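>>> sequence and predicted model, in that order:
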Amino acid sequence: VGLVRLRRPPAVAAGAEGPRCYRGSPPSPGWDAVVNKRLTVSKDPKAGGRFRTIGAALKAAQPGRTIHVLDGETYAESLRLDRPELHQGVRLVAVKDATLTISKDIGTAIVIDDVPDVHIQGFRFKGQEPVRGSTFVRIRKNAAGVVLSDLDFQAAEPVTGITIENVAVAESGNPLLVRKCKFRVGFDGISVVGPGGNDGGKSVTSGIRLEDNRCMGCLRGIHLEGTLADIMIAGNVAANCLQEGIGIANLSAATRRVLILNNSLHHCAFGFRVWGESPDNKLSLGKIEFRAIICSEGQHVDIGYVQLGRPGVKGDPTPGDGLVLIDRWLFADNWRDLSGMSRLYLVPLAKGDKKLDLNDLESREWSDVNFLRPRLKSSLATGGAGGDLPDYAGAVPPDGVQAWDWDKTWTARKTKTVPQKTAPAEKP
C-alpha cells in the first residue's frame, strides 16, 4: 500500500485568522469575529477584549454583529449608530455592567439615527457634571426592531434617560421596545416626542412599546408629546416624580391608539397628567385607553388635567374639564385614591374605575421588594381588565402570579381602535 503524503496547510498572513480547532482553550478574538459574529471590548487586554474602546469595535462592525463589553469599567465615549450598511442589527451588550458617561464634553452617550434592529443591553449610564438638557440615549427616524433592555440611568442633573423623537415604525414592522430599564435622573426618564401635527397627521411618531420600566425621583417619569400612534406604555412603575409619573402634553388631534395599561404611579406631583393648549378639539374619541392603573398618594392630584388658558388663547395654567376627558377617552378598571391638594385639577372617578384602599398594597417603600405589589387576596389581585390584559391591576403581579407577557397585548391591540366609550363620571 502506498503512503499518502500530507501537505502542510497554506501559511496564514500575520494578524489574520485561519480555520482552527480548539481544545481546552478559548478561541481568539479574530476567530470569535468570524465564527460567532462577535467583537469584544475591554480596557485591559488581560480581560480578553480585542478592542480597547467601544467606538473602535463599532468601526469594525458589520450588520448583525454582537459587541460584548467584557469588563465593568467606565467608558467616556459618544457612540453613533447612524450607518445602516454597517450598524443594522448590531447588538451592544455589557456583560459585567460597564458604564457609559455623559459630561460637559459628551452630550449624548448613544445615538441611534435611522438604523433598525439595534439592541442595547446591560449598560449603566451616569452623569459626570453633564450639560443641562443632555440625554443619555437618543433615537430618531427608522427604529423598527430597536430594543433597549436592562439599562440603568443615573444623574442628579436635569438630563433625560432616553429621548425618542420622530420615530416612525410601519404597522407591519417590529416596534421600538424599551423594557426593564431603571431611571433616576433629573429630567425625563423616557421622553417620546412626535411632530406637531400641522400636516394633518401625515407625520407621526409610531410603533413604540415602553414596558416594565422603573422611574424613581425623576422630574417626569414617562412623557409624551405631539402626534403619536400605536404607542403602548404598560407595566411601568413611576414613584416620587416631581411633576408627573406619566404625562401627555400638547397632544395633536391626529394622535391615535395610545394605550396606557397596568402602570403603578405613586407619590408623584401628578400620577398621570394631561397638559395642553386649546384642548377642546384634541379630545376626540378613539384616541387613548387608560386602563388598570394604580394611582396612589398624588401630591397635587393622582390624575389631573391642566389647560393653558382657554382654547386658542395662551395663558396661565387653569383646570381642564375632567368630565370631558373621561367621557372622550376610555378610562376603566383603574384604582385611585383621589389624593392630592390641588382639587381643581382632579379628574373625577370614571364609572368603570374604583376607589383604592392603600392597605391592599404589600408595601409603599421603594426599596422594598414588594413595592406596590397587590396583596394576594385583595381586590387589586383580581381587579384588572382580564382578557388580553392581566387579571391584576397595576404593574407588579401579586406574589406567586407570573408577570404578564406584553406581546399578547401588543398583538391583540396594535391595529384595534380604542373603544369609543362615553361613560358618565362620578364626583369624588
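That came through fine. Residues are numbered from 1 along each chain as shown.
>>> use CA for all of it now, contacts and neighbours both
Noted.
>>> what about Val274, neighbour count?
Counted with other Cα atoms under 10 Å, residues neighbouring Val274 total 24.
>>> repeat for Ser367
Counted with other Cα under 10 Å, residues neighbouring Ser367 total 8.
>>> swap in Val95?
15.
>>> tell me the contacts of it?
His68, Val69, Leu70, Asp71, Gly72, Gly122 (Cα atoms under 8 Å, 6 or more residues apart in numbering).
>>> 7 Å instead?
For Val95, the contacting residues are His68, Val69, Leu70, Asp71, Gly122, by Cα atoms under 7 Å, 6 or more residues apart in numbering.
>>> strand partners of the helix or strand hosting Arg140, parallel vs antiparallel please.
Secondary-structure element containing Arg140, defined by DSSP states H and E: strand 135-141. Paired strands of strand 135-141, with direction, are strand 110-113 (parallel), strand 160-167 (parallel) (DSSP bridges).
>>> picking up where we left off before, so which of the contacts of Val95 belong to helices?
With helices identified by DSSP state H, none of the entries of the contacts of Val95 belong to them.
>>> any chance of those in CSV, plus distance to Asp105?
Output for the contacts of Val95, formatted as CSV (distance: Cα to Cα, whole Å):
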residue, distance to Asp105
His68, 25
Val69, 23
Leu70, 25
Asp71, 24
Gly122, 24
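>>> return the member of those residues nearest to Lys408.
Relative to Lys408, the closest of these is Gly122; by Cα to Cα it sits at 24.9 Å.
>>> centre of the chain to the strand holding Arg140, how far?
The chain centre lies 12 Å from the centre of strand 135-141; the measure is Cα atoms, centre = their mean, to the nearest Å.
>>> now do the helix or strand following it: everything it contacts.
Once the chain leaves strand 135-141, the next helix or strand it forms, by DSSP H and E, is strand 147-149. With contact meaning Cα under 7 Å, 6+ apart, strand 147-149 is reached by Val118, His119, Ile120, Gln121, Gly122, Leu176, Leu177, Val178, Arg179, Lys180, Cys181.
>>> and if we set it to 6 Å?
With contact meaning Cα atoms under 6 Å, 6 or more residues apart in numbering, strand 147-149 is reached by His119, Ile120, Gln121, Leu177, Val178, Arg179, Lys180, Cys181.
>>> how about stretch 107-118?
The contact list for stretch 107-118, computed with Cα under 6 Å, 6+ apart, reads 78-82, 84, 88-91, 102, 134-146.
>>> dump it to CSV, keeping only the CA atoms.
C-alpha atoms of stretch 107-118 as CSV (Å, rounded to 0.1, in the frame of the first residue of the first chain):
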residue,chain,number,x,y,z
GLY,A,107,-23.7,65.4,25.5
THR,A,108,-25.1,62.0,24.4
ALA,A,109,-23.7,58.6,25.2
ILE,A,110,-25.5,56.7,22.4
VAL,A,111,-27.3,58.0,19.2
ILE,A,112,-29.3,55.6,17.1
ASP,A,113,-30.2,57.5,14.0
ASP,A,114,-32.2,55.9,11.2
VAL,A,115,-30.8,52.4,11.9
PRO,A,116,-33.3,49.5,12.6
ASP,A,117,-32.8,46.3,14.7
VAL,A,118,-30.1,47.7,17.1
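>>> show me the helices in the stretch 51-200 of the chain, by range?
54-59, 84-87 (DSSP state H, counting those that start in this stretch).
>>> for those, could you give me TSV that also reports mean neighbour count and distance to Gln154?
As requested, the helices of the stretch 51-200 of the chain are arranged in TSV below (neighbours: other Cα atoms under 10 Å; distance: least, Cα to Cα, whole Å):
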stretch	mean neighbour count	distance to Gln154
helix 54-59	18	20
helix 84-87	18	27
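>>> state the mean pLDDT of the longest strand belonging to the chain.
With secondary structure taken from DSSP state E, the chain has its longest strand at strand 301-310. Mean pLDDT, strand 301-310: 86.
>>> try stretch 125-144
Regarding stretch 125-144, the rounded mean pLDDT is 96.
>>> in it, what counts as buried?
Within stretch 125-144, the residues scored as buried using 16 or more other Cα atoms under 10 Å are 125-128, 130-131, 134-144.
>>> contacts for it, please.
Contacts with stretch 125-144, where a contact means Cα under 6 Å, 6+ apart, come from 99-104, 107-116, 152-155, 158-169, 174-176.
>>> quick check on the residues you listed: which are buried?
Buried residues within the contacts of stretch 125-144, defined by neighbour count using 16+ other Cα under 10 Å: 99-103, 107-116, 152-155, 158-169, 174-176.
>>> low-confidence ranges, the stretch 201-350 of the chain, go.
For the stretch 201-350 of the chain, residues meeting the criterion pLDDT under 70 lie at 201, 277-286, 309-315.
>>> now do 90
Applying pLDDT under 90 to the stretch 201-350 of the chain flags the ranges 201-203, 250-256, 275-287, 307-318, 320-321, 324-325, 327-328.
>>> let's have the contacts of strand 147-149 in TSV, adding pLDDT and distance to Ala253.
Shown next, in TSV, are these (pLDDT from 0 to 100; distance: Cα to Cα, whole Å):
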residue	pLDDT	distance to Ala253
His119	98	33
Ile120	98	33
Gln121	98	35
Leu177	98	25
Val178	98	26
Arg179	98	28
Lys180	98	31
Cys181	98	30
